[in-house]
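S.K.: below is the structure, and that's it, no one-letter string:
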């Protein structure tokens, strides 16, 4: 049996998030699910830098997060990029 000792509630939450992230990653890989992308992946997908992704977030590009990890949906980000006419700003 796994025994874990926790100092405080924040530590419990942090460890739970970490375990959840690990299990989600394993499920995605083992089932070949094309799920949400991380920041580097969405940057490559949209052919921009990760700094540009951070700028896009400030301009309203949609993203989700679990703990400190951010996730991006391909279609939502592509639709946002098109509808916000972001290329006209460049």
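M.R.: In hand now; what should we look at? Just so it is clear, the structure is predicted and the values come from calculations on it, not from any experiment. Numbers count the residues shown, from 1 in each chain.
S.K.: just want the phi and psi numbers for the residue nearest to the spatial centre of the chain.
M.R.: Nearest residue to the geometric centre of the chain (CA atoms, centre = their mean): residue 71, 1.7 Å. When read as degrees, to the nearest 10, the backbone of residue 71 gives phi -130, psi 150.
S.K.: these two touch, right, it and residue 62?
M.R.: No - Residue 71 lies out of contact with residue 62 (CB atoms under 8 Å); the separation is 10.1 Å. For glycine as for every other residue, the C-beta is placed from the backbone atoms N, C-alpha and C.
S.K.: report the distance from the strand or helix carrying residue 40 to the chain centre.
M.R.: Element membership for residue 40, per DSSP states H and E: helix 39-45. Relative to its parent chain, helix 39-45 has a centroid offset of 10 Å by CA atoms, centre = their mean, to the nearest Å.
S.K.: list the buried residues for the lengthiest helix in the chain?
M.R.: Longest helix in the chain by number of residues (criterion: DSSP state H): helix 9-30. For helix 9-30, a neighbour-count test (16 or more other CB atoms under 10 Å) marks residue 24 as buried.
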